[in-house]
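*Asks:* this one's sequence-less:
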């Protein structure tokens with residue numbers, strides 16, 4: 001089992017950079033999961049911009 005890793009940032013671009021710099025994640029992440037995370041980051045950033053609540057599906 002992998003350790004829990006938490007990233008916090010005010011922009012999806014910063015989160016992408018943090019994820020990309022973490023070798024454990026980049027070496028095990030599938031393309032499908034990466035696309036899912038990207039979509040969720042877009043939704044989260046739009047929620048921040050529009051002052052809406054974000055809940056991960």
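*Replies:* Here it is on my side, so go on. Small disclaimer: the values here were computed from a predicted structure and weren't measured.

*Asks:* Now for the protein, the helix or strand with the poorest mean pLDDT.
*Replies:* The element with the least model confidence among the helices and strands of the chain, by mean pLDDT, DSSP states H and E, is helix 23-28, at a mean of 82.

*Asks:* Please enumerate residues in contact with that one?
*Replies:* Outside helix 23-28, the residues within contact range by Cβ atoms under 8 Å, 6 or more residues apart in numbering are 2, 5, 19, 20. For every residue, glycine as well, the C-beta is placed using N, CA and C.

*Asks:* can you check stretch 49-56 too?
*Replies:* Taking Cβ under 8 Å, 6+ apart as the criterion, the residues outside stretch 49-56 that touch it are 40, 43, 44, 46, 47, 48.

*Asks:* What's the end-to-end length of it?
*Replies:* Using Cα to Cα, to the nearest Å, the gap from the first to the last residue of stretch 49-56 comes to 16 Å.

*Asks:* Please pull up the helix or strand immediately following the least confident helix or strand of the chain.
*Replies:* On the C-terminal side of helix 23-28, the nearest following helix or strand under DSSP states H and E is helix 31-49.
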